[in-house]
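Chemist: pasting the sequence and the predicted model now:
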Amino acid sequence: MTATRRVEVVAAVVFNERGEFLLAQRPADKVYAGYWEFPGGKVEPGEPAAAALKRELDEELGIDVVTAYPWLTRDYDYDHAAVRLRFFRVLKWSGELRGRERQQFAWQSVRNITVAPLLPANGPILRALELPFTYGITCAGELGRELFMSRLEQSLSNGLRLIQVREKNFAADQLRSFTAEVVAASRRHGARVLVNGGAAIAASAHADGVHLTASQLMQAGRRPGGDWCGASCHDAAELARARELGIDFVVLGPVRETPGHAGAKIMGWDECARLIRDYPLPVYALGGMRAVDLDQAWRCGAHGVGMVRGAWPGEKLG
C-alpha cells in the first residue's frame, strides 16, 4: 500500500491534570464498533493536521485544544483501510468533556488499562507512553563516581525515570560494578536503566535493556533481546535502520554544541524537526539539552530530551 493511498487520520493523546490519558469507545455505527481508541478522525483534503485535530476533538468530545504537540506518525493496515495515523499529545485543553457521538470515554494510565478491547494500532502508542520525557546519561568518569552517585540520587528524587549508563573509559569490571550500583539506586525509585553497548553487562546487572551506539545499530541484524532497547542516531539512514529493527526509541543529535562531541556537525532544531517528521518511534533530542528545552523539543515532534550534564542534578525532571 503506497503512502499516497493511505487515509490520513489524526489521533489525540489527551492528558488530564493527573497525567492520565483519554480513550474513547467507537460508536455502534462505525467499523470496529465497541473498540477503544485515542480520539480523532480523518483529515479533510487540504486540511492541516493540527486544524483537523482541533476540529475532530470539538466534534467528538466538545473540547477546545489549547496546547498540542506533534508526536508519532504510524502506518497501519486494517482490513477495511490503510491509514496513516498522526498522533498529537494534547497537554492543555478547555471545555466540558462529553461524548457528542454518544460514545463512552475513560481516563487511563499506561500501567492500569481498564478498558477492552483496544484497536490493534494502539499497542506501540501505549508502549511509547511508558517513556518519560527526560533521558539521563551518566557522566561518572567526568564527575567522579562518588559525586555522581550523590547527584544520581538527587535526580531520581526529582523525578528522573530513565537512565543510560554510558562510561566509555571504564574498564569492564569497573563498568559492571558501577552499572549494578546505578540499577540498585534506580530500582528504589522505579526508574529504568539501559546500558550503552554492553548486553552482557546489562544482563549481569539486571538492567532493563541496552542502548546501541550508531555503529552497533547499523551493524545489527535484529533487535537485541531485553525489555527495552534504545539507539543513537545522527542522520536519516540511522533513523531508518532503527525503525526497521523495531527499536523502542532513539536519541538524535547533536542538536547543539556539547563538550562531549567537540567538532561534531551540529544539526540545529530545524534539521531535527525535518528528520523526525512522520517518524514512528519516540525521539529524544540530544546535545546541550536542559529541562527547559522540553517545549522546543516537543514543538519539533520529539518525545523529550536526552541530557548528560543537564541531568546531574537539574530542575525537576519528568
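Modeler: Yep, it's here.

Chemist: how about the secondary structure of residue 84?
Modeler: On the three-state scheme (DSSP: H, G, I helix; E, B strand; the rest coil), residue 84 is labelled strand.

Chemist: so it sits against residue 8, correct?
Modeler: Yes - counting by C-beta atoms under 8 Å, residue 8 is a contact partner of residue 84 at 5.5 Å. Heads up, the C-betas are built off the backbone N, CA and C, glycines and all.

Chemist: and stretch 196-215, what's buried?
Modeler: The neighbour-count check on stretch 196-215 (16 or more other C-beta atoms under 10 Å) flags 196-199, 201-202, 205, 207-212, 214 as buried.

Chemist: measure that stretch end to end?
Modeler: Criterion C-alpha to C-alpha, to the nearest Å; first-to-last residue distance in stretch 196-215 is 12 Å.

Chemist: give me the contacts around that stretch.
Modeler: Applying C-beta atoms under 8 Å, 6 or more residues apart in numbering, the contact partners of stretch 196-215 are 164-168, 172, 175-176, 179-180, 182-183, 192-195, 216, 220, 224-234, 238, 247-248.

Chemist: what's in contact with stretch 274-286?
Modeler: Residues outside stretch 274-286 that contact it (C-beta under 8 Å, 6+ apart) are 72-75, 124, 128, 131, 135, 232, 235-236, 239, 242-243, 247-255, 267, 269, 272, 293, 297, 300-307.

Chemist: where are the low-confidence patches of this protein?
Modeler: Across the chain, the ranges flagged by pLDDT under 70 are 1-4, 260-262, 314-318.

Chemist: tell me where it has helices.
Modeler: Under the criterion DSSP state H, the chain contains helices at 49-61, 123-128, 140-143, 145-157, 172-187, 199-204, 214-219, 236-245, 268-276, 294-299.

Chemist: columns distance to residue 31 on top of these, output as TSV?
Modeler: Below are these laid out as TSV (distance: least, C-beta to C-beta, whole Å):
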stretch	distance to residue 31
helix 49-61	16
helix 123-128	18
helix 140-143	53
helix 145-157	45
helix 172-187	43
helix 199-204	43
helix 214-219	38
helix 236-245	27
helix 268-276	30
helix 294-299	32
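
Chemist: which stretch among those helices comes nearest residue 37?
Modeler: helix 123-128 (9.8 Å; C-beta to C-beta).

Chemist: residue 25 and residue 101 touch, don't they?
Modeler: No - contact criterion C-beta under 8 Å: residue 25 and residue 101 do not qualify, at 9.8 Å.

Chemist: between these two, point out the one with more neighbours.
Modeler: Per other C-beta atoms under 10 Å, whichever of residue 25 and residue 101 has more neighbours is residue 25, with 18 against 15.

Chemist: how close does the residue lying closest to the more buried one once chain neighbours are set aside sit to residue 15?
Modeler: Distances taken as C-beta to C-beta, 6 or more residues apart in numbering place residue 104 nearest to residue 25, at 4.3 Å, with adjacent residues excluded. Residue 104 is 19 Å from residue 15, where distance means C-beta to C-beta, to the nearest Å.
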